[in-house]
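> The following comprises the amino acid sequence and a computationally predicted model.
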Amino acid sequence: MELLFLFEQVVNGLVLGGYYLLIALGLSLIFSVGGVVNLAHGAFYALGAYASLEIAKQLGWGASVVLSPVAVALLGIAFERFLLRRFYAADPILSLLLTFGLAMVAEQAIRIVWGAAPLPASMPAAFKGQVMLGDFMFSRYRLLLLAVVAAVLAGLWLLLHRTSFGRVVRAGIQRPDMVAALGIRLQPYMAAIVMLGVGMAALGGALFAPITVVHPAMGAEIITVAFVVVVIGGLGSFWGVVLAALLVGVVRGVTIHFVPAAGEASMYVLMFLVLLFRPRGLLGERIEKFE
Amino acid sequence: VTNDKRRHILKAGAVIAGSTALGYPAIVRSQSDRIKIGHLTPMTGFLGALGEYAVLGIKMAEEEINKSGGVMGRQIEVMSEDSVNPATAATKAQRMFERDGALVLMGEINSASALTIMQVAARNKRLFLQIGARSDALRSKNCNRFTFHVDIPVTVMVNAVGQSLVRENKVKDRTFYMLSADYLFGHDLLRAAKAFIAANGGKVIGDELVATDVTDFSGYMLKIRRAKPDVVCSNLAGNQVTNLVKQYAEFGLPFPMVGFNLNTADAWAAGEGNLSGTWPTVWMHDLDTPGSKAFTAAFTKKHGKPPENHAWIEYVSLKMMAQAMNETKSTDTERLIAYFEKQTEFEILKARKAYFRSWDHQLMQEAYPFTVKPKGKAKDKWDFVVLGAAVPAPNQPLELLAPTKAESACVF
């Protein structure tokens, strides 16, 4: 019986890992291609949540989940074009400062526009409730969420590995100088990657709004977890991030089962151990420009 | 020193001298004219939303007091700052006394930060009106004679809800599963809740501490379902409560929920159809007294949204402080303490007046249990609560639900 409880927590942890993945994948992609750790990534997640609430008021929940990421992705293009682009070649400390500052500006802007008090957000009543699979309980909404994450993941993988766009991006990660020598400008690709990553973060915000608190600092909450996931998974590795997200979810679930008070601390311990034995992360590749 | 450098230094010196010539008189004047009040409250973090209302409430009282002539003919100036965390709160409190010219300190919501500010107040022998933190320990073993407490302590919150549960026969022989915030306040609430349940024949079958930065409660949902309690009981704080309530509705667990702490802002944030159960509150915007109605109307007109309980409590707290200064014609710590310790009665927009109990400096006032309106009955997004009758009842002493002298460890 005890073992069954534990197994249920492990499965729930996998679901939770999917939940982190939407944010972490974009963060990892932007870093891999542009060499920029986008500390403002959480701000786009928060904006996605707030935008979805505004859109839901006019057009309903379904439209909000689709339109909010699109709107934020467009904002992402402006972010790349006017700010990020100037920092690809610069000292990493500058882009860290830029995105860190931007995250604070965004949080305060949200506070000014929508107030510090958290906003109510609900899902359609049809998604509420539990689904029992055997003796395991799942939230119906989270299963839906998991399906969306799986679809996004599959789409992204196909884009990166089965299209000419993806070939250039992958080459750009490993050998930007070679790509340039072949006469391909990486900049439009970078804009597309930022748009994609930021849009995924916003999709996360829109999808999580009904099950978490929508408040100005929600971006700062998620960026830490996303960053830990990316570090554990290894920079530049698609499957590394997927593996790490699931692992963090499972470790957290198992810890909550045994030592509930240490639930949040568990992922940092995990990161510590991984970095101790594999400084590049679980599946991190050797990327020349970052060595 | 080369010529060039010297010229730089001279230039800089001139600028500084010029600016002091312009700026100094203004500073001197404001120091002699205004009565400065240091105000610390969390504006960020998991209690930040409550702090925003706290600032709006105290600012509104400040404006009203200044418009009607100030205190002893002088204008008051409330200096509000984010208290951030217990260590920063203490540093800022000391700075406000030492450098900013604050005569008294007010504010706080976080019990752990309130504790460090209390220590600073005692060290400086200055008054701290502790407004919004609810841990029992602050007015019991950690009490000091320089601090007065406005909000209801956790024992009162537990008793306010507990009494209505006992009346409906929902405690005896029932099993409870508890989730508690893992810091001073949550530990205190847990202790009070356990004592109440044990005293009334209930049984606690699960008891988990939850870190304040936890946003995902799915792991706890699984544990609750396995434990099959009769009642799920929340001793959480701030955003935690909203997260729990939303995810509890998400998973659709069948066990009824009660909670011993819920602020209106966190309830508003839960979203339609998610909140259920019985909860305590110190004040609610639809409280039916002439004073509360007028306050709610004025606040709503000014800010476009109804006041949260922290807006109300900061508003009446500054009014009490102004009354004390006006009546004693003084900002002297000892005279203000003596005025409060006389158990002077204050109008706090409730049916009954309130007073600070002399031996633990806790404000004695009415509290209310509330339940949630059935779906579809709310007029708007602010209106979803059914406020219960005030406790203690009009014919009972105000001290009925508070810890007794025997239960308290407070000595000054």
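Structure's in. What do you need?
> contacts, neighbours, all on C-alpha from now
Will do.
> so the residue nearest to A:L196 when sequence neighbours are not counted is in which element?
Distance criterion C-alpha to C-alpha, 6 or more residues apart in numbering or on different chains; nearest residue to A:L196, sequence neighbours excluded, is A:A73 at 6.7 Å. Applying DSSP states H and E as the criterion places A:A73 in helix A:61-82.
> which residues touch that helix?
A:44, A:47-49, A:51-56, A:123-124, A:191-192, A:194-196, A:198-203, A:206-207 (C-alpha atoms under 8 Å, 6 or more residues apart in numbering or on different chains).
> ok, which stretches of chain A are helices?
A:2-34, A:41-59, A:61-82, A:92-114, A:140-162, A:164-174, A:176-181, A:187-208, A:218-233, A:238-258, A:266-277 (DSSP state H).
> Checking the residue lying closest to B:K228 once chain neighbours are set aside next. Helix, strand or coil?
Excluding the flanking residues, the one nearest B:K228 by C-alpha to C-alpha, 6+ apart is B:F255, at 7.8 Å. The three-state assignment at B:F255 reads coil, by DSSP: H, G, I helix; E, B strand; the rest coil.
> show me what contacts B:F255?
B:K228, B:P229, B:D230, B:V231, B:V232.
> burial count for the first one?
If you count neighbours by other C-alpha atoms under 10 Å in any protein chain shown, B:K228 ends up with 17.
> Phi, psi for it please.
phi 50, psi 60 (degrees, to the nearest 10).
> Then the fourth one?
According to degrees, to the nearest 10, the main-chain angles of B:V231 amount to phi -140, psi 140.
> Could you check the pLDDT of it?
At B:V231, the predicted lDDT confidence score is 95.
> what's stretch B:216-225 in contact with?
By C-alpha under 8 Å, 6+ apart, stretch B:216-225 touches A:8-9, A:12-13, A:137, A:212, A:253, A:256-257, B:177, B:232, B:243-244, B:247-248, B:251, B:253.
> In contact with A:L6, which residues?
With C-alpha under 8 Å, 6+ apart, A:L6 has these contacts: A:V254, A:H257.
> what do you get if the cut-off is 6 Å, keeping everything else the same?
Going by C-alpha atoms under 6 Å, 6 or more residues apart in numbering or on different chains, A:L6 touches no other residue.
> Might you enumerate the residues of the stretch 1-150 of chain A proximal to chain B?
A:A116, A:A117, A:P118, A:L119, A:P120, A:A121, A:S122, A:K128, A:G129, A:Q130, A:S139 (C-alpha under 6 Å from any C-alpha of the partner chain).
> Counting only strands, which of those make the cut?
Judged by DSSP state E, these include A:Q130, A:S139 as members of strands.
> so can I have a markdown table of the residues of the stretch 1-150 of chain A next to chain B showing neighbour count?
Formatted as a markdown table, these follow (neighbours: other C-alpha atoms under 10 Å in any protein chain shown):
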| residue | neighbour count |
| --- | --- |
| A:A116 | 24 |
| A:A117 | 23 |
| A:P118 | 25 |
| A:L119 | 20 |
| A:P120 | 24 |
| A:A121 | 26 |
| A:S122 | 21 |
| A:K128 | 20 |
| A:G129 | 18 |
| A:Q130 | 19 |
| A:S139 | 25 |
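> who's in contact with the helix or strand hosting B:V245?
Per DSSP H and E, B:V245 falls inside helix B:239-251. Under the criterion C-alpha under 6 Å, 6+ apart, residues A:K128, A:G129, A:Q130, A:S139, A:I211, A:T212, A:V213, B:F46, B:D266, B:A270, B:N274, B:L275 lie in contact with helix B:239-251.
> Now do the same contact list for the last one.
In this case it means B:L275. Applying C-alpha under 6 Å, 6+ apart, the residues near B:L275 are B:V245.
> same question, the first one
Shown here is A:K128, whose contacts under the criterion C-alpha under 6 Å, 6+ apart are B:E250.
> try the fifth one
When contacts are counted by C-alpha under 6 Å, 6+ apart, A:I211 is found next to B:K246, B:Q247.
> so where's chain B shaky on pLDDT?
Residue ranges of chain B with pLDDT under 70: B:1-32.
> before we move on, what about chain A?
A:1, A:287-291.
> out of the contacts of helix B:239-251, who's nearest B:E77?
B:F46 (27.3 Å; C-alpha to C-alpha).
> Now for that closest one: which residues touch it?
Neighbours of B:F46 in contact, by C-alpha under 6 Å, 6+ apart: B:G238, B:N239.
> just B:D383 next, same as before
No contacts exist for B:D383 under C-alpha under 6 Å, 6+ apart.
> Show residues contacting stretch B:55-72.
B:Q75, B:A311, B:W312, B:E314, B:Y315, B:N326.
> Please apply the same query to stretch A:13-20.
With contacts defined as C-alpha under 6 Å, 6+ apart, stretch A:13-20 is touched by A:A245, A:L246, A:G249, A:V250, A:G253.
> Would you mind listing what in chain B touches chain A?
So chain B meets chain A at B:49, B:209-210, B:219, B:243, B:246-247, B:250-252, B:269-271 (C-alpha under 6 Å from any C-alpha).
> would TSV of those with neighbour count and distance to A:V231 be doable?
Converted to TSV, the residues of chain B next to chain A look like this (neighbours: other C-alpha atoms under 10 Å in any protein chain shown; distance: C-alpha to C-alpha, whole Å):
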residue	neighbour count	distance to A:V231
B:A49	25	32
B:L209	20	28
B:V210	26	26
B:G219	22	24
B:N243	23	27
B:K246	28	30
B:Q247	25	29
B:E250	25	31
B:F251	24	31
B:G252	17	35
B:A269	28	33
B:A270	30	33
B:G271	21	35
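> B:K353: which of those residues is nearest?
The closest of the residues of chain B next to chain A, once distances to B:K353 are taken by C-alpha to C-alpha, is B:A49, at 28.2 Å.
> Show the contacting residues for the closest one.
Taking C-alpha under 6 Å, 6+ apart, one finds A:A116, A:A117 in contact with B:A49.
> Can you point out the buried residues in the helix or strand containing it?
When secondary structure is defined by DSSP H and E, B:A49 falls within helix B:48-67. Of the residues in helix B:48-67, B:48-62, B:65 count as buried by neighbour count, 16 or more other C-alpha atoms under 10 Å in any protein chain shown.
> swap in stretch B:209-224?
B:209-212, B:214-224.
> and if you look at stretch B:315-330?
Going by neighbour count (16+ other C-alpha under 10 Å), the buried part of stretch B:315-330 is B:Y315, B:V316, B:S317, B:L318, B:K319, B:M320, B:M321, B:A322, B:Q323, B:A324, B:M325.
> Let me have those residues in CSV, adding secondary structure as columns.
As requested, these are arranged in CSV below (three-state DSSP):
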residue, secondary structure
B:Y315, helix
B:V316, helix
B:S317, helix
B:L318, helix
B:K319, helix
B:M320, helix
B:M321, helix
B:A322, helix
B:Q323, helix
B:A324, helix
B:M325, helix
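> Pick the one among those closest to chain A.
Closest to chain A out of the buried residues of stretch B:315-330 is B:Y315 (18.2 Å), distances taken as C-alpha to the nearest C-alpha.
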